[in-house]
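[1] show me how the following folds:
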Amino acid sequence: MSRRAGYEESWDLTYLVEQLRELISRDLQLDDALAEELEDTLARLVLRNQRLRMLQRMVNAERSAEDLEVLRNALEYTDRELLTGLPGLLERLRTALT
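    Numbers count the residues shown, from 1 in each chain. As a prediction, the model looks like this:
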């Protein structure tokens, strides 16, 4: 992606998502609260992916810096939420496996 967007994907987030992907590929028996948290996290990951794709399209279309800034800020906010919540979710999922 062009550096004009002013956004770089977090390697920490990528690592956490890969761990999540590995855990949910197993046959998990989750309580309702954990299943709901997992579902919410997956929905935020979908939203993040949509925002990232939109940002890429906007960069390619050479949209205004203000438009890019708004979307970049939304993407960074979503990333911060995920970076905050994913470690705890991963730990609870690991506990559910044992």
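
[2] can you give me the buried ones in the lowest-mean-pLDDT helix or strand in the chain?
    One helix or strand of the chain scores below all others by mean pLDDT, DSSP states H and E: helix 11-24, with a mean of 87. Judged by neighbour count (16 or more other C-beta atoms under 10 Å), helix 11-24 contains these buried residues: 13, 16, 17, 19, 20, 23. (Glycine included, C-beta is placed from N, CA and C.)

[3] ditto for stretch 28-45
    Under the neighbour-count criterion of 16+ other C-beta under 10 Å, stretch 28-45 has 34, 37, 38, 41, 44, 45 buried.

[4] of all those residues, which comes closest to residue 69?
    Ranked by distance to residue 69 (C-beta to C-beta), the buried residues of stretch 28-45 are led by residue 44 at 21.0 Å.

[5] what helix or strand is that closest one located in?
    Using DSSP states H and E, residue 44 maps to helix 32-60.

[6] give me phi/psi at residue 29?
    With angles defined as degrees, to the nearest 10, residue 29 sits at phi -110, psi 100.

[7] pick the one among the buried residues of stretch 28-45 closest to residue 57.
    For the buried residues of stretch 28-45, the residue nearest residue 57 by C-beta to C-beta is residue 45; the value is 19.0 Å.

[8] which residues of the chain score low on pLDDT?
    Under the criterion pLDDT under 70, the flagged ranges of the chain are 1-9.

[9] list the contacts of residue 67.
    residue 58 (C-beta atoms under 8 Å, 6 or more residues apart in numbering).

[10] for the helix or strand hosting it, which positions count as buried?
    Per DSSP H and E: residue 67 is located in helix 65-97. Neighbour-count burial for helix 65-97 flags 68, 71-72, 75, 78-79, 82, 86, 89-90, 92-93, 96 (criterion: 16+ other C-beta under 10 Å).

[11] let's have the buried residues of helix 11-24 in a markdown table, adding distance to residue 60.
    Shown next, in a markdown table, are these (distance: C-beta to C-beta, whole Å):
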| residue | distance to residue 60 |
| --- | --- |
| 13 | 23 |
| 16 | 28 |
| 17 | 24 |
| 19 | 31 |
| 20 | 29 |
| 23 | 35 |
